[in-house]
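Colleague: Everything below, folded, please.
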Amino acid sequence: MTVLVGYVPSPEGEAALRAGVGEARTRGETLLVMNTSRGDAYVDRGFAQQRDLDRVRQGLTELGVDFDIHQVVGGRDAAEEIVELAGSSEISLVVIGLRHRSAVGKLLLGSSAQRILLDSPCPVLAVKADS
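Modeller: All right, here's what the predicted structure looks like:
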């Protein structure tokens with residue numbers, strides 16, 4: 001089985017990664033770090049650059065965690081990619097980071113986290129970044 005972490009290079013993404021490592025260790029499972037971008041914007045703050053992924057890879061290697069990193073560019077948004085992968089029989093848990101948004105912000109922009117929480121066929125652990 002595998003713990004899936006929806007990773008973005010941000011404090012929320014780092015919090016999700018830390019929680020995912022803890023869950024994978026507790027469960028004795030592999031960690032799958034997933035980063036996605038639709039690729040339709042000049043700047044996507046959620047897209048992990050190579051240096052971000054190298055840092056994650058190095059940190060997980062130093063921790064001795066069994067892991068894989070999967071990056072998807074183009075096509076669907078992050079919520080759709082994560083929910084589809086969560087439907088795999090191999091995924092036991094999805095871990096995502098949450099950021100604070102106003103009610104109006106959620107209404108206007110939607111919420112990937114909300115869609116993952118509602119649509120994921122397996123349990124989802126949502127964590128906040130340290131303040």
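
Colleague: only C-alpha atoms for contact and neighbour calcs from this point on.
Modeller: OK.

Colleague: What's the first helix or strand after the helix or strand of the chain with the lowest mean pLDDT?
Modeller: Least confident helix or strand, the chain: helix 103-109 with a mean of 54, by mean pLDDT, DSSP states H and E. Once helix 103-109 ends, the next helix or strand along the chain (criterion: DSSP states H and E) is helix 112-119.

Colleague: and Gly87, what does it touch?
Modeller: Contact partners of Gly87, counting by CA atoms under 8 Å, 6 or more residues apart in numbering, are Ser120, Pro121, Cys122.

Colleague: Correct me if wrong, but the second one is in a strand.
Modeller: What it means is Pro121. No. Secondary structure of Pro121 (DSSP: H, G, I helix; E, B strand; the rest coil): coil, not part of a strand.

Colleague: Need phi/psi at the closest residue to it other than its chain neighbours.
Modeller: Spatially, and ignoring its direct neighbours in sequence, Pro121 is nearest to Gly87 (5.7 Å; CA to CA, 6 or more residues apart in numbering). With angles defined as degrees, to the nearest 10, Gly87 sits at phi -70, psi -10.

Colleague: Val73 against Gly46, yeah?
Modeller: No. Val73 is beyond contact range of Gly46, at 11.3 Å (criterion: CA atoms under 8 Å).

Colleague: what is in contact with the two at once?
Modeller: With CA under 8 Å, 6+ apart, Val73 and Gly46 have common neighbours Thr36, Ser37.

Colleague: which ones are touching Glu80?
Modeller: Ile116.

Colleague: From Gly87, how far out is it?
Modeller: The gap separating Glu80 from Gly87 is 11 Å, by CA to CA, to the nearest Å.

Colleague: same thing with Leu63?
Modeller: According to CA to CA, Leu63 and Gly87 sit 28 Å apart.

Colleague: Next: Val5.
Modeller: According to CA to CA, Val5 and Gly87 sit 14 Å apart.
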